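**Student:** 3D model of this:
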Amino acid sequence: MIVDSHAHVVAPSELYAWQGHLVANRANPDPGPPAIGDALLEETMQGHFKLMDSVGTDVQFISPRPYAMMHSMKPPKLVHAWNIFVNDLIARQAKAHPDRYRGVCGLPQTGTDPLDASVAELERCVKEHGFVGCLINPDPNEGEGPAPPGLGDEYWYPLYAKMVELDVPGLVHSASCGAPRESYTLHFINEESIAVISLLESNVFRDFPKLKIVISHGGGAIPYQIGRFRAWHFRRKKAGTFDELLRKLWYDTCLYSKESLEFLFRTVGTDRCLFGTEKPGTGSAIDPATGLWLDDVKRTIDSIGWLTETDKSRIYETNARELYPRAFLTAAGKK
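**Tutor:** Predicted coordinates:
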């Protein structure tokens, strides 16, 4: 089975038209969610399945599209209404096609407000919809305003406690960016890099030894600058090695180049990597030199000659089974 652990919802245009209404009037009054019928939703999903089939993907874990989550928008009720409805739409898709989809919820994070609403939404999505994980945006201010607490800060502890209680991982994935110095694509990598160091320099894994955290896009920039962080670790006379710290986290394969994928696998180990493509998404571009899709990540991984069958099995399936046990439960509650 080929399990794509990092993908996002493909939805009818009616969903994003409603988003425009919400933003235009700041949910005052709330225009109410759109009526998206089953037939329209099915038509959209069938198009998505063709993309999955074209690259050999059996199952995708789908979540809201991060750049559209609007965490920095005001008032908070706008953010809540949008994220809750998108989660419910994902739940409909996963229920209609449990052989192809698993749900991963977006959280209604609003700046640096307390995480009560996010904790409640995570619990609702897991218990009512059977979702298998959540997205964590390390910068809900979306590049504007004061810097948020790093993911090693106790601000995040209520969310971590609920994740451990429910036994669901969090996928660290930044969102949109309003800062003029960064595109949202660069912002993702910058924030994920900050998240890695903040987590590894903190007491989070001492306080929550069963916490499961996946870092999007192959760990931001950190695995590819490992020499710098090894030196930093040794200069401060820290116990162990920085490489050992990196293995407290998990990493997806949304990288889109053979060189980067090989480096990730050699640096953190194939037993800490989960197949992910984000297809369709940022990587959905054709390389003019080859005529091939950059986000056909399976083809790229299969071309790495030194990977063993055990390595590939870990990346494509068994690591996901270990990390996301809820995703592989049968109706009888067994794997």
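
**Student:** and R102, that one's in a strand?
**Tutor:** Yes - counting by DSSP: H, G, I helix; E, B strand; the rest coil, R102 falls inside a strand.

**Student:** which ones are touching it?
**Tutor:** 59-62, 94, 131-132, 324, 327 (C-beta atoms under 8 Å, 6 or more residues apart in numbering). Every C-beta, even on glycine, is put in place using the N, C-alpha and C of the backbone.

**Student:** which positions in the longest helix that the chain contains come out as buried?
**Tutor:** Longest among the helix segments of the chain by residue count, using DSSP state H, is helix 76-96. For helix 76-96, a neighbour-count test (16 or more other C-beta atoms under 10 Å) marks 76-94 as buried.

**Student:** export that helix as CSV, just CAs?
**Tutor:** Only the C-alpha atoms of helix 76-96 are listed here, as CSV (Å, rounded to 0.1, in the frame of the first residue of the first chain):
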residue,chain,number,x,y,z
PRO,A,76,-11.9,34.9,15.5
LYS,A,77,-15.4,33.6,14.6
LEU,A,78,-14.4,33.9,10.9
VAL,A,79,-11.5,31.6,11.4
HIS,A,80,-13.6,29.2,13.5
ALA,A,81,-16.4,29.1,11.0
TRP,A,82,-14.1,28.5,8.0
ASN,A,83,-11.9,25.8,9.6
ILE,A,84,-14.8,23.9,11.1
PHE,A,85,-16.7,23.7,7.8
VAL,A,86,-13.6,22.6,5.9
ASN,A,87,-13.0,19.9,8.4
ASP,A,88,-16.6,18.8,8.0
LEU,A,89,-16.2,18.7,4.2
ILE,A,90,-13.1,16.5,4.6
ALA,A,91,-15.1,14.2,6.9
ARG,A,92,-17.7,13.8,4.2
GLN,A,93,-15.0,12.9,1.6
ALA,A,94,-13.4,10.4,4.0
LYS,A,95,-16.7,8.8,4.8
ALA,A,96,-17.7,8.5,1.2
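
**Student:** pull the distance from that helix to the chain's centre.
**Tutor:** Put simply, helix 76-96 sits 16 Å off its chain's centre (C-alpha atoms, centre = their mean, to the nearest Å).

**Student:** pLDDT of it, averaged?
**Tutor:** Mean pLDDT, computed over helix 76-96, is 94.

**Student:** contacting residues for the most centrally placed residue in the chain?
**Tutor:** Closest residue to the average C-alpha location of the chain: L171 at 3.9 Å, with C-alpha atoms, centre = their mean. Neighbouring residues of L171 by C-beta under 8 Å, 6+ apart: 5-6, 63, 104, 133-136, 214, 216, 252.

**Student:** and if you look at Y256?
**Tutor:** The contact partners of Y256, taken as C-beta under 8 Å, 6+ apart, are 283, 294-295, 297, 300.

**Student:** helix, strand, or coil at it?
**Tutor:** Y256 is classified as coil under three-state DSSP.
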